[in-house]
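Engineer: based on what follows, work out the 3D shape:
(chains A and B)
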Amino acid sequence: MAGSGTAHLRPAAESVLRIENLLVEFPVGRGGLKVNAVTNVSIDVLPGETLGLVGESGCGKSTMGKAVMQLVHATSGSVLFEGKELTTLSGSDLRETRPKLQMIFQDPISSLNPRRRVRDIVREGLDIWKIGDKSSRARRVNDVLETVGIDPAVAGPKRPHEFSGGQCQRISIARAVATEPKLIICDEPVSALDVSVQAQILNLLEDMKRKYGLTLIFIAHDLAVVKNVSDKVAVMYLGKLCEFADPDTLYANPAHPYTAALLSAIPEPDPEMAGAARAGVGGEIPSPLSPPSGCRFRTRCPAVTDICASEEPMMREVRPAHFVACHHPLGEITVAAPTIADPGGSDPAPAPDLTKAGARKAAPPAPAWTPPVVSPEPPVTTSAPPRFDPPPAPTPTGAPTIAPPLVPEPEPGPIAAPPPMPPAYEPPPPAAPPAYEPPPPADSWLSPEPTPEPARPPIVDWTPESTSVVAAAQPAPAAAPVFERPASPPAAPIVETPPTSSTPEPAETVSDLPPPEPTPPDVAALDTLLPNRSKGGSIKPEH
Amino acid sequence: MSPRRRRSNIGTERFEPAPLDGPLLEVKDLKTAFKTPRGLARAVDGVTFSLERGRTIGIVGESGSGKSVLSRSIMGLLPRNNIVRSGQALLEGHDLVTASDEQLRALWGSQMAMVFQDPMTSLNPVMKIGNQITEVLRQHLDITKDYSRELALALLQSVGIPEAERRLNEYPHQMSGGMRQRVVIAIAIACGPKLLFADEPTTALDVTVQAQILDLLQEQQRERFMAMILVTHDLGVVASRADDIAVMYAGRVVETAPTRTLFRAMSHPYTEALMRSIPKLSAPSHTRLTAIGGRPPDIIDPPPGCKFSARCPYVQDKCRTEEPPLLDSAEPHHAFRCWFPVGTPENRAALEANQRAGLASAMAMMGAN
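Structural biologist: This next block holds a predicted model:
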């Protein structure tokens, strides 16, 4: 991922807002360190369109929004709003432009001045720009308040603290539309709200968009919300753009592994689907102080190969109007053997790559916890690779040269079953790779029943394993039952099996796990983690 | 009473070992009300449920529905002043409502523990991670300092924290939110509690981290055979993680059922409305959401009748005057408070009548169906 490039941009003349190669960096300390908040992101928005911007926190989506408003200064790149370059505008010219750009913030309560009355808050923009005369401004304020569902007569003289979060957000929206803006940037407008209120606000935004002909940039981390409101969705990761497409396409056939992981992490309110397509992504977002080389997602990506470390993927079209920045997009059967020779992964299909990645991760049992978590301490960029990909193999820089040494590796690699991943925990490595296996009908990411069969075994695989923290590693048992938490009322069986002093046996009744015997594992210490239990349920251990 | 004297108090007052059959936790008609200048705010108003060992119950509701107060009043974490509590919360037969502070202190950590919503604030910022874990171990177990450190290390590893050894000597601010939440979980499970409260454990976290943390909780719960009370506003979270679900509204359980039953045959209009208001991934873009109009009722001076009547699309005169009891449905373990449960002919008739009458909430349902 971590894509640069402008392939996905539409003709400049059509767009309201066009951001090209935007770079925003924040200096940190005196050492010359920089947070790469937004790196070479290009995006455009057509009139009347809603662009959804999604990603984990820290991916730079809010910074993007602020950079459009010129609330933070772009290090380089351009922001064209209605053909006008905003990054170089002088103070007064920028002020002239700002009424057409408005912003709605995440926390509705703190974004309203607590000491001012609602009608003054909403009228402020009109007052500043002296739009109309006094009475027409008052009328305008009443109008917008009414459209957002707030009674101007009652609410006008009140102050923000007298309103609930949802109502405050309505007032924020009223304030934003009062000056008749062209573009509104909504920065997580519903993430502080309850689900029921969230639905009201989302509906309201749609209404306002229709009524005032607005163009929206909708920033959120909730993919379901973004899908609901957006006409185009851009997925960001660590300051880069991963994928850009129509929501329906993107959600049905995510091409970027990160998008797929994000989607699979969403808890769907449907128990039948639970656990079906759960692949997720392990680890956490790396530090933006020293982002990984090449593709920034490679440290967590299940499909990672050598090229990902050496070369940054560019945005390219995998389907009509579906752009992705990935060397190995999902659902693409034939990877158009990209640039640098990747003789190791000679088969172009993503599958071999995956197994290779899996093999590489599973092979060395020594570094127990290999996976990608990048801790706050900033790793030097170049030293990063060894850290993330356990085997010392990939020494980047000379991309072509590194390929040969890697070829042998995958072959001996114990591919599918890495059972002896000792008590190391960490589900992702074994679980993830197969889950990403080539989903030609990529819908399987979303639809529960169909394909994810391959995904399941590995998941189950680690379940007993991780139970090995208490019990020794077990031969992976019959798979499915583990995740099928019985909805049936198993009240009776549970009572039957007295959770006797010896600890975890009863788990068996809860989920058809094979009894994870508390047999002495190598981690003897853990046995004692449950000392009370072994004291026969006495509530207090003796002092 | 003073926490400073804790060592000397430990174990002096304790419950007898409980028999191991029967539910782990039984909550009977639990009521918690806060004294306010305007009157009693009934945050929890007669909640009854029971929880078997090793099972998970999900408690769902909007903010203000009393779900957090419920878990806190079961655990006894609420202040003693200005609170009126009644009813029973029996943990292995021992009443937590009437338990003394000392008894409770012996139970916290060792028998029941809580994972709070915000990992940023639930850890002590000026204490090393290691000390925060060993503190609870040493409090409850008579073990040496070195051994408690070993245990802390093993715990950190078991919750999936890389480089656990180094992390022991770090402060909370040096870790990310997800890692901090893992530490909070490690502390909560340190002494092997039988009952774990998870109060919105993932609300402050990103989706990917949320999935990791929920997996971790589930895994630890299964391994240690803990019962869990998972409090959340997100039906998606409980759908995959809870065995049973209780939906709360205005301090009451309005519907309770095993998870699959609830999602298959939801009967209370509020549950249905909650479901409808969630944007779904499977729905095409720009699907209009069915928002729940209005606001939760005033819990200080609630209106008579069904508490949801003011927002309900199926409301009838009976609902406004008579509060429905918790009725059992045909499905086992499924109960709800509604006179016109969703999916019945009476319900449909009520909706049609309301639509004819032009009731706003009922009109909003027209497009949805």
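Engineer: dump the residue contacts of residue B:301.
Structural biologist: B:38, B:39 (CB atoms under 8 Å, 6 or more residues apart in numbering or on different chains). (Each C-beta comes from the backbone N, C-alpha and C, glycine too.)
Engineer: any figure for the gap between it and residue B:262?
Structural biologist: Residue B:301 sits 31 Å away from residue B:262 when distances are taken as CB to CB, to the nearest Å.
Engineer: just residue B:35 next, same as before
Structural biologist: Relative to residue B:262, residue B:35 is positioned 34 Å away (criterion: CB to CB).
Engineer: the two: who's more crowded?
Structural biologist: residue B:262 (31 against 12; other CB atoms under 10 Å in any protein chain shown).
Engineer: you'd agree the more buried one is up against residue B:245?
Structural biologist: Yes - assessed by CB atoms under 8 Å, residue B:262 is found in contact with residue B:245 at 5.0 Å.
Engineer: mutual contacts of these two, please.
Structural biologist: With contacts defined as CB under 8 Å, 6+ apart, the residues shared by residue B:262 and residue B:245 are residue B:256.
Engineer: show me the helices in chain B, by range?
Structural biologist: Chain-ordered helices for chain B, with DSSP state H as the definition, fall at B:6-9, B:67-75, B:101-107, B:129-140, B:145-158, B:164-168, B:177-189, B:207-224, B:235-241, B:259-264, B:269-277, B:317-321, B:345-357, B:360-368.
Engineer: can I get those helices in CSV including mean pLDDT and distance to chain A?
Structural biologist: Formatted as CSV, the entries for the helices of chain B read as follows, by pLDDT from 0 to 100; distance: least, CB to the nearest CB, whole Å:
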stretch, mean pLDDT, distance to chain A
helix B:6-9, 42, 8
helix B:67-75, 91, 12
helix B:101-107, 90, 5
helix B:129-140, 92, 7
helix B:145-158, 93, 4
helix B:164-168, 91, 9
helix B:177-189, 91, 6
helix B:207-224, 88, 4
helix B:235-241, 86, 3
helix B:259-264, 91, 3
helix B:269-277, 90, 4
helix B:317-321, 92, 19
helix B:345-357, 90, 19
helix B:360-368, 73, 10
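Engineer: so which of these gets nearest residue A:109?
Structural biologist: Distances from residue A:109 to each of those were compared by CB to CB, and the smallest falls on helix B:67-75, at 19.0 Å.
Engineer: what does that closest one rub up against?
Structural biologist: B:25, B:27, B:30, B:32, B:43-44, B:47, B:59-61, B:78, B:85, B:89, B:96-97, B:108, B:112, B:114, B:197, B:199-200, B:229, B:231, B:233, B:248, B:251.
Engineer: show me where the stretch 151-300 of chain A dips below the pLDDT cut-off.
Structural biologist: Low-confidence regions of the stretch 151-300 of chain A, defined here as pLDDT under 70, cover residues A:273-281.
Engineer: at 80 what do you get?
Structural biologist: For the stretch 151-300 of chain A, applying pLDDT under 80 flags the ranges A:192, A:267-285.
Engineer: in it, which spans are strands?
Structural biologist: Using DSSP state E, counting those that start in this stretch, the strands assigned to the stretch 151-300 of chain A run over residues A:183-187, A:215-220, A:232-237, A:240-245.
Engineer: could you look up the SS state of the residue lying closest to residue A:76 once chain neighbours are set aside?
Structural biologist: The shortest distance from residue A:76 to any residue that is not its chain neighbour, by CB to CB, 6 or more residues apart in numbering or on different chains, is 4.6 Å, and that residue is residue A:23. Classification of residue A:23 using DSSP: H, G, I helix; E, B strand; the rest coil returns strand.
Engineer: the host helix or strand of residue A:122: what's the following helix or strand?
Structural biologist: When secondary structure is defined by DSSP states H and E, residue A:122 falls within helix A:118-129. Along the chain past helix A:118-129, the next helix or strand (assigned with DSSP H and E) turns out to be helix A:134-147.
Engineer: follow-up on the earlier one: show me which of the contacts of helix B:67-75 neighbour chain A.
Structural biologist: For chain A, the contacts drawn from the contacts of helix B:67-75 by CB under 8 Å from any CB of the partner chain are residue B:233.
Engineer: in strands, which of the contacts of helix B:67-75 fall?
Structural biologist: For the contacts of helix B:67-75, membership in strands holds for B:25, B:27, B:30, B:32, B:43-44, B:47, B:59-60, B:85, B:89, B:112, B:114, B:197, B:199, B:229, B:231, B:248, with DSSP state E as the criterion.
Engineer: how about the residues of the stretch 51-200 of chain A near chain B?
Structural biologist: Near chain B, the residues belonging to the stretch 51-200 of chain A are A:56, A:57, A:164, A:194, A:195, A:196, A:197, A:198, A:199, A:200 when assessed by CB under 8 Å from any CB.
Engineer: determine which two of those residues are furthest apart.
Structural biologist: The largest distance within these, taken as CB to CB, falls between A:56 and A:164 and amounts to 28.3 Å.
Engineer: please say which of these two ends up with more neighbours.
Structural biologist: In this comparison of residue A:56 against residue A:164, neighbours counted by other CB under 10 Å, the higher total goes to residue A:56 at 21 against 17.
Engineer: who touches the nearest residue to that one once chain neighbours are set aside in this structure?
Structural biologist: Closest residue in space to residue A:56, ignoring its immediate chain neighbours: residue B:206 at 4.4 Å, by CB to CB, 6+ apart. In this structure, residue B:206 makes contact with A:56, A:57, A:221, B:177, B:178, judged by CB under 8 Å, 6+ apart.
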